[in-house]
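*Asks:* no FASTA, just this:
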């Protein structure tokens, strides 16, 4: 029988990280702010600290979803990443996160991003999933956040079922970018594997590069419907990040991005999918205003199928209408 929140008084369900956004956090010259991948790395670190603090053991990222980027974070801003437990399963912890920033000269913090991260607790000796203390809401706000996390479960299962139907290796004319490299020792997390936040930076960099090449504009991530982690990545593995355009709207470009990994000695043929993400980008001008997206017209059977797949994912989110994790801010325009 696991502990409950009321019995677990020594373990806080919340973590807040504070620091200053550095020039090295900006993805490229001329950007209006910190890259989306770096923001996701910050979130993963704060959420990991929250999950390990609650569970008392090593944890791994299983899922990151409903990522809303509402505005850029300029270099030099003070940043707060707030993470808290929303609900628990037997070995899983659903962590809600918000990233806020402020000009240090006025100290007025406003939200720039929010999302949900799911971690699974692991026994460090066996590597098996380990039971965690049960989180029980103690006030109305914690109950609201719990219900919001619960409202996403069926949507997540529906999206996963839809994604399993798709193939990504048929003839294609879609804009695509593939990068390969080795996982470095500096990518390691506290369990000896590649840090989930580092992998999310890889995803954003590939998606941004592909959409910039297609649109001939600077692009930024505005939404990610889901980042699913299937298996850990070892230091020294050969990594392949495959970014592929699925669909365009008036302003947005929806990408499917796979991270594949495996023993470098065995080569590309032995790589297995470690992470899969769908991320939406928009082009922006020098003032940060959204630009029209060049339209991609799918023609091969698989390109047509993936464009319809992108439509279905959007329809599923509208059908299930999950409760907001936080009071909704006006996002950057993505249609």
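*Replies:* Cool, the structure landed. Source: prediction; values computed, not measured.
*Asks:* Just the buried residues of stretch 279-292, please?
*Replies:* 279-284, 290 (16 or more other C-beta atoms under 10 Å). C-beta: built from backbone N, CA, C; applies to glycine.
*Asks:* quick one: which of the residues you listed is nearest to residue 175?
*Replies:* residue 281 (11.5 Å; C-beta to C-beta).
*Asks:* That closest one pairs with what?
*Replies:* Judged by DSSP bridges, the bridge partners of residue 281 are residue 221, residue 253.
*Asks:* any idea how far residue 237 lies from residue 247?
*Replies:* 30 Å (C-beta to C-beta, to the nearest Å).
*Asks:* I should have written residue 17 there, sorry.
*Replies:* The gap separating residue 17 from residue 247 is 35 Å, by C-beta to C-beta.
*Asks:* Which of these two has more residues huddled nearby?
*Replies:* Applying other C-beta atoms under 10 Å to residue 17 and residue 247 shows that residue 247 carries more neighbours, namely 23 against 16.
*Asks:* Test my guess that that one contacts residue 256.
*Replies:* No: the pair residue 247 / residue 256 is not scored as a contact, 9.4 Å apart, by C-beta atoms under 8 Å.
*Asks:* what do the two both touch?
*Replies:* residue 306 (C-beta atoms under 8 Å, 6 or more residues apart in numbering).
*Asks:* Look up the closest residue to the spatially most central residue of the chain, ignoring the ones flanking it.
*Replies:* Centroid-nearest residue in the chain, with C-alpha atoms, centre = their mean: residue 64, separated by 4.5 Å. On the basis of C-beta to C-beta, 6 or more residues apart in numbering, the spatially nearest residue to residue 64 that is not a chain neighbour turns out to be residue 227, at 4.2 Å.
*Asks:* Just the element for the one you found, please.
*Replies:* strand 218-229 (DSSP states H and E).
*Asks:* Show me what secondary structure element comes after that strand.
*Replies:* strand 238-248.
*Asks:* For that next one, name the packing helices and strands.
*Replies:* Applying 3 or more C-beta pairs under 8 Å, 6 or more residues apart in numbering; DSSP states H and E, one finds that strand 238-248 contacts strand 176-182, helix 196-215, strand 252-262, helix 301-320.
*Asks:* Those: which one's closest to residue 105?
*Replies:* helix 196-215 (28.8 Å).
*Asks:* tell me the angle that closest one makes with strand 218-229.
*Replies:* 140 degrees (axes from the mean of the first three to the mean of the last three C-alpha atoms, to 10 degrees).
*Asks:* and the angle for helix 196-215 with strand 252-262?
*Replies:* Using the same axes, to 10 degrees: helix 196-215 against strand 252-262 is 130 degrees.
*Asks:* What is the least confident helix or strand in this structure?
*Replies:* Using mean pLDDT, DSSP states H and E, the weakest-scoring helix or strand in the chain turns out to be helix 153-164, at a mean of 89.
*Asks:* Identify all contacting residues around that helix.
*Replies:* 63, 65, 225-226, 228, 276, 309, 312-313, 316-317, 320, 322.
*Asks:* Swap in 10 Å and give it another go.
*Replies:* For helix 153-164, the external contacting residues (C-beta atoms under 10 Å, 6 or more residues apart in numbering) are 63, 65-66, 87, 89, 94, 116, 118, 152, 225-226, 228, 256, 276, 278, 309, 312-313, 315-317, 319-322.
*Asks:* Could you give me the PyMOL syntax to select whichever of the residues you listed are buried?
*Replies:* Buried residues within those, by 16+ other C-beta under 10 Å, are selected in PyMOL with:
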select buried, resi 63+65+66+87+89+94+116+118+152+225+226+228+256+276+278+309+312+313+316+317+320+322
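*Asks:* Spit out the contact partners of residue 194.
*Replies:* Residue 194 is in contact with 183-184, 187-188, 202, 232-237, 239, 259, 261, 274-275, counting by C-beta under 10 Å, 6+ apart.
*Asks:* Which residues are in contact with the spatially closest residue to it that is not a sequence neighbour?
*Replies:* Closest residue to residue 194 apart from its sequence neighbours, by C-beta to C-beta, 6+ apart: residue 233 at 4.0 Å. Each residue near residue 233 by C-beta under 10 Å, 6+ apart is listed here: 183, 187, 189, 193-196, 198-199, 202, 239, 259-262, 274-275.
*Asks:* Show me the shaky parts of the protein.
*Replies:* By pLDDT under 70, the low-scoring segments of the chain are 1-10, 29-30, 327-335.
*Asks:* Tell me how this protein divides into domains.
*Replies:* Structurally, the chain divides into domains by automatic domain parsing as follows: 14-136, 165-320.
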